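Undergrad: dropping the sequence and predicted coords here.
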Amino acid sequence: MSHTGPERRLRPRFEMIRSFAAADFLTLANGCCGAGTILALLQHIATAEPRWLWGAIILSPFALFFDFADGRVARWRRKSSALGADLDSLADVISFGMAPAALGFAVGMRGALDSAVLLYFVACGISRLARFNATADQLADETGKVKYFEGTPIPTSVLLVGVIAWLTSRGQIGTGLMFGVWNLGPLALHPLSLMYFASGSAMISTIRIPKI
């Protein structure tokens with residue numbers, strides 16, 4: 001039998017998983033918390049059961065914990081994988097971008113203009129992460145450490161979740177959403193959604209935030 005080229009080297013099964021560093025599994029836990037938030041919110045919308053809404057809210061601080069822990073573990077072990085930075089950004093988009101936006105929608109921000117604001121917030125989060133990945137080397141000092149962020153980090157969106165948790169505890173969601181609704185012709189806007197606009201705008205700003 002003739003061979004047209006060198007034999008292909010058999011790659012180990014689950015090679016990608018084996019290449020993960022310990023911190024990567026914490027990053028995946030962060031992403032799973034975000035995805036779990038979205039699934040819980042879908043269940044809440046379908047059943048109107050408060051326990052699903054509270055479950056979604058509670059997952060947010062867990063996502064923040066895992067996001068903080070993965071960096072600490074990577075520095076402690078002085079080991080990171082080639083996929084680490086990309087994994088972190090993708091997990092953050094889900095947990096701190098899409099999940100908070102879905103939470104806003106679930107508690108009543110469902111007008112056409114609300115949706116536009118929520119999409120703007122998600123787009124800002126994606127852009128913020130992309131900018132950091134593209135400029136991290138430029139912002140790093142001689143030791144390779146980034147001293148500051150440009151724009152607020154996307155995990156600051158947990159503050160939005162905190163506001164919604166407080167409103168939920170007071171029963172000020174749904175048709176009773178704080179500040180009511182503005183009807184601008186055929187379009188509706190809940191003023192509370194503007195906190196998402198402010199958060200997204202802060203992410204894409206050039207404000208320097210010291211990195212802890």
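TA: Sure thing, it's come through. Numbers count the residues shown, from 1 in each chain.
Undergrad: T152 against I209, yeah?
TA: Yes. Counting by CB atoms under 8 Å, T152 does reach I209; the two are 5.9 Å apart. Using the backbone N, CA and C atoms, a C-beta is placed for each residue, glycine as well.
Undergrad: so which of the two has more stuff around it?
TA: Between T152 and I209, T152 has the larger neighbour count (other CB atoms under 10 Å), namely 20 against 14.
Undergrad: and what about that one, helix, strand or coil?
TA: coil (DSSP: H, G, I helix; E, B strand; the rest coil).
Undergrad: quick one: it from V93, how far?
TA: 15 Å (CB to CB, to the nearest Å).
Undergrad: any low-confidence regions in this protein?
TA: Where the chain drops to pLDDT under 70, the residues are 1-20, 74-82, 84, 136-146, 212.
Undergrad: go again using 80 as the cut-off
TA: Applying pLDDT under 80 to the chain flags the ranges 1-22, 71-85, 136-149, 210-212.
Undergrad: and the helices in it?
TA: In the chain, helices defined by DSSP state H lie at 15-19, 22-47, 50-77, 84-92, 99-106, 112-139, 158-169, 194-203, listed in chain order.
Undergrad: can I have the fourth one written out in PDB, keeping just the CAs?
TA: Below are the C-alpha coordinates for helix 84-92, written out as PDB (Å, rounded to 0.1, in the frame of the first residue of the first chain):
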ATOM      1  CA  GLY A  84      -7.100  30.800  29.700                       C
ATOM      2  CA  ALA A  85      -7.600  34.400  28.500                       C
ATOM      3  CA  ASP A  86     -10.200  33.400  25.900                       C
ATOM      4  CA  LEU A  87     -12.000  31.100  28.300                       C
ATOM      5  CA  ASP A  88     -12.200  34.000  30.800                       C
ATOM      6  CA  SER A  89     -13.600  36.500  28.300                       C
ATOM      7  CA  LEU A  90     -16.200  34.000  27.000                       C
ATOM      8  CA  ALA A  91     -17.300  33.100  30.500                       C
ATOM      9  CA  ASP A  92     -17.600  36.800  31.500                       C
END
